[in-house]
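Asker: sequence and predicted structure, then a few things I'm wondering about:
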Amino acid sequence: MGTASRLLPLIPLIPALSALVLAVAGRRIGRSSSGRLACGAVGVSFALAVIGFASMLGMAEGERSVTVEIFDWIAAGSFTAKAALVLDPLSGIISLVVTGVGLLIHVYSLGYMSEDKDFSRFFAYLNLFTASMLLLVLAENLLLMFVGWEGVGLCSYLLIGFWFEKKAAVNAGTKAFIVNRIGDVGFLLGILMTFLVFGTVSFGEFLPLAPTQDTALLSVIGTLLFVGAIGKSAQIPLYVWLPDAMEGPTPVSAYIHAATMVTAGVYMVARTAPLYAEAPLALALVGVIGAVTALYASTIALAQDDFKRILAYSTISQLGYMFLACGVGAFGAAIFHLVTHAFFKALLFLVAGNVMHAMAGESDIRKMGGLKDKLPITYRTFVIATLALVGIPPLAGFFSKDAVLWSAFREGYTLLWAVGVAGVFLTAFYMGRVWALVFEGRFRGSAEESRRLHESPPSMIWPLRLLAAGSVVIGFIGVPHASWIERFLAPYLAVKTVEPSSLAVEVGLTLLNIAVAVGGLLLARHFYLVDRALPERVASGAAPLYRFIKGKFWIDELYDVLLVRPFFFLSRVVLWRLVDKAILDGFFNGAGRVVRLSSEVLRLSQVGNLRLYLFILFGGAMALMGWMVLGSV
C-alpha cells in the first residue's frame, strides 16, 4: 500500500513534466532527444502503473483501493474538492491500457512523424494528452475528472488540427471542440446536480449513498452525465466530430480517437455504476443509445471509401457496444470490451498509417489493392486485428463482444441483443470489403506507384507486432464471458448476481455470433473478389438507398441547415450587424459625431477677433439681463 501511495501521483506527473519540457525546449534539444524523452516518460508511467497494479493485487479482495490526497483544492462554504487520486481495479486496468498502448503508439510515431517539421510540438501534445487521460482515470472525484476530461478535449483539438496549414484539419479540430463542448454542458450540470443531491462530488462518498436517494433524481443525474459521455465517446447525436477527426496524424487517430480518449465516456459511466444501477431510466437510455449507435455507425461504414474514416465509424460502433453492455448492467463486460478494443483498433489504425505511408498519403481504398505482397507484415497484423474486431475465436474481440451480447440476452434485452448481432454482420462485411480492396486482388495504381511500395521501418513495425500479440492473448483474461474481470471489478461496480444459465443456450448463441461474423466476411469476399461487378449492380439497383448511406444519412447537412446556418445568421446578422454595429456602434459613434458636429459649429466662433469676442460677450450679458427682467415680472 505504501508503494502504491508513493508512486500514484507520479503516473500522470511524469508525462506532464515531459510535455512542459518539450513545449519549452523541444526544438533546442533536437528531434532524437525529444523522441526519447516523450517515449521514456510514457514508458516510466507504464512501469509505475504496472508496479502500482501489482501492489494492489497483493491487497485483500474488496480492499484493493489506494487514495492519495495531494492537497485541498477547492473549499467554498459547504463544498470541498480535493486534488486526490485513487488506484483501484477499475482505474488500474485503464491506466495500464493508456500507458501500455500509448507507449507503443509513441514509438510508432517516431517513424511516422520523423520528417515533420513540428516533431517536438507533436510529442509535447501527445505527452500532455497522456497526462490528462491519466488524470481523468485516476481522479478521486467528478470535478478533478472534469479537469482531465477537458484536458484530453484540448489535446484532441490541438492534435486534430496539428497540420494547421490544411483548412480541413482546422475545421475538423474546431468541429470536434464545439461538439464536445455541447456534451460538456451536460457533464457540468450533472456534477452540479450530484453536489445538490449528495453534498459531495467524491466517488467514495456519494456512490455508496446512491441506494438511499430518489430514483428520479438519480436518473436526472445519470442522464446529464451521460450527455457528456455521448459527446466524448461520439454517440448519437454527437458522433459527427469523430469521422472528421481523421484529418489529424494517424497515430493521433490510433491513440486518442480509438484506444483512449473516446472511451472516457464509457469509463465515466462504469466509474459511477452504483449510481446508474439505481437509475433505471438513465441506464435504459445508455443501452438504447449504445445499441442504435452500434448499428447506425456500422451501416454508414458500408459505403465509405476513406480507410481511416471507415475505422472511425467502426470505433463509434464498438463504443456503442460498450454502452450497450453498461445499459444492461454488464459493466464488467463493457470494460472488458474497452480493453480488448484498445489493442485491435489501435492496431487497425496503425496498419492504415503504414498503408498510407507506403501510398504517399493516399487513403482511398479504391486506389489500392494487392498490398499483401508488398507489405507482408502490415497485412498479417491487419488480418489479426480484423478477425479480432469481427469476433472470430480465439482472438480478443471474440471474447469481449460475445460477453456483451450474451449479457444483453441473459438480462432479457432481446431486441438490443438482436441489434448487436446485426451490427456484427455489418462489421464483418465492411471490414471484409477493406480487406479485399486494400490487400487482395491487383494493385490499382500506376506501375511507378507500385515500384515505390515498401514496408515501414522497424519503429513502425514492432508496435504492430506487439499490438497484434495483445489482440491474440488479451481476450483470455475474460474466459468465460468476462468472468475474471467481472469478479475483479465487482466490489467497485454495481455487478448484479445472476442465476446460472443454460449452457446449451450460451453455446448456441456463441456459435450464432461466429456464424454471423463468418457470413459477413464471406459475403464481402463474394462481392469484392468473386463477382467484382456485383457491388456496382447493387449500388445502381438501389441508388437512392446507396447514396443515402454513402452520404452518411445527410446528418451533417441536416445539422448545417438546422443548427450551423441559423447560428451563423444569428451571430452575423442579428448579433453583429444589428446589435453590435447598428445599436452599440451606432450609439457610441453617434455620440462622437454629435461632439464633432458641435465642435465644428463652435469652431466658427473661435476666429481670434477681439471685437467679435466683445460683441458676443455684450450680447450674452444683455440676453441674461433680459431673461432676469422678464422672470421678475
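Answerer: That came through fine.

Asker: now do the contacts for L521.
Answerer: Residues near L521 by Cβ atoms under 8 Å, 6 or more residues apart in numbering: 390, 428-429, 431-432, 435. All C-beta atoms are positioned from the backbone trio N, CA, C, and that covers glycine.

Asker: K345: which of those is nearest?
Answerer: Closest approach to K345 among those (Cβ to Cβ): M431, at 11.4 Å.

Asker: pretty sure that closest one sits against T386.
Answerer: Yes: judged on Cβ atoms under 8 Å, M431 makes contact with T386 at a distance of 4.9 Å.

Asker: return the distance of G58 relative to G52.
Answerer: The gap separating G58 from G52 is 11 Å, by Cβ to Cβ, to the nearest Å.

Asker: and these two? Which one has more around it.
Answerer: Set G58 next to G52 and count neighbours by other Cβ atoms under 10 Å: G52 wins out with 25 against 10.

Asker: hang on, isn't that one packed against I11?
Answerer: Yes: using Cβ under 8 Å, G52 makes contact with I11 at a distance of 7.0 Å.

Asker: between those two, which contacts overlap?
Answerer: Shared contacts of G52 and I11 (Cβ under 8 Å, 6+ apart): S95.

Asker: element containing S471?
Answerer: Per DSSP states H and E: S471 is located in helix 458-473.

Asker: who does that helix touch, helix- and strand-wise?
Answerer: helix 89-112, helix 331-358, helix 376-390, helix 396-410 (3 or more Cβ pairs under 8 Å, 6 or more residues apart in numbering; DSSP states H and E).

Asker: hey, what's the angle from the longest strand that the chain contains to helix 89-112? Just curious.
Answerer: For the chain, the strand with the greatest residue count under DSSP state E is strand 66-76. Interaxial angle, strand 66-76 versus helix 89-112 (axes from the mean of the first three to the mean of the last three Cα atoms, to 10 degrees): 90 degrees.

Asker: next SSE downstream of strand 66-76?
Answerer: Criterion used, DSSP H and E; the element after strand 66-76 is strand 79-87.

Asker: spatially central residue for this protein, please.
Answerer: V262 (2.7 Å; Cα atoms, centre = their mean).

Asker: distance check, that residue against V240.
Answerer: For V262, the distance to V240 - Cβ to Cβ - is 13 Å.

Asker: same check, this time on V24
Answerer: In this view, V24 and V240 are 36 Å apart by Cβ to Cβ.

Asker: of those two, which one has the most company?
Answerer: V240 (18 against 12).

Asker: right, and the more buried one touches Y559 too?
Answerer: Yes: using Cβ under 8 Å, V240 is in contact with Y559, at 6.6 Å.

Asker: tell me the pLDDT at G248?
Answerer: G248 is assigned 90 on the pLDDT scale.

Asker: and what of G441?
Answerer: 87.

Asker: is the nearest residue to it once chain neighbours are set aside in a helix, a strand, or coil?
Answerer: Closest residue to G441 apart from its sequence neighbours, by Cβ to Cβ, 6 or more residues apart in numbering: G369 at 4.7 Å. Using DSSP: H, G, I helix; E, B strand; the rest coil, the structure places G369 in coil.

Asker: let me see the backbone angles for G369.
Answerer: Torsion angles at G369 (phi, psi; degrees, to the nearest 10) stand at phi 110, psi 140.

Asker: neighbours of it, how many?
Answerer: By other Cβ under 10 Å, 18 other residues sit near G369.

Asker: that one and L453, how far apart?
Answerer: 11 Å.

Asker: which neighbours do these two share?
Answerer: F443.

Asker: which stretches of the protein have low pLDDT?
Answerer: 1-4, 480-483, 494-501, 604-605, 607, 632-633 (pLDDT under 70).

Asker: how's it carved up into domains?
Answerer: Here the domain parsing of the chain from automatic domain parsing is 285-550, 554-632.

Asker: most packed of those domains?
Answerer: domain 285-550 (a mean of 20; mean count of other Cβ atoms under 10 Å).

Asker: tally up the residues packed near the closest residue to A168 other than its chain neighbours, please.
Answerer: For A168, ignoring the flanking residues on the chain, the nearest one in space by Cβ to Cβ, 6+ apart is E247 at 5.2 Å. E247 sits with 24 neighbouring residues when counted by other Cβ under 10 Å.

Asker: before we move on, the earlier item: export the domains of the chain to JSON lines and append columns for distance to L142.
Answerer: JSON lines is the format used below for the domains of the chain (distance: least, Cβ to Cβ, whole Å):
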{"stretch": "domain 285-550", "distance to L142": "16"}
{"stretch": "domain 554-632", "distance to L142": "28"}
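
Asker: tell me which of the ones you listed lies nearest to G40.
Answerer: Once the domains of the chain are compared by Cβ to Cβ, domain 285-550 is nearest, at 14.5 Å.

Asker: straight-line length of the closest one, end to end?
Answerer: For domain 285-550, the first-to-last residue distance is 28 Å (Cα to Cα, to the nearest Å).

Asker: cool, stretch 523-532 as well?
Answerer: One end of stretch 523-532 sits 12 Å from the other (Cα to Cα).

Asker: what's next to it, contact-wise?
Answerer: Residues outside stretch 523-532 that contact it (Cβ under 8 Å, 6+ apart): 428-433, 435-437, 440-441, 534-535, 538.

Asker: go again with 7 Å.
Answerer: With Cβ atoms under 7 Å, 6 or more residues apart in numbering as the test, stretch 523-532 has contacts from 429, 432-433, 436-437, 440-441, 534-535.

Asker: ok, which pair from these is furthest apart?
Answerer: The most widely separated members of those, counting by Cβ to Cβ, are F429 and G441 (17.2 Å).
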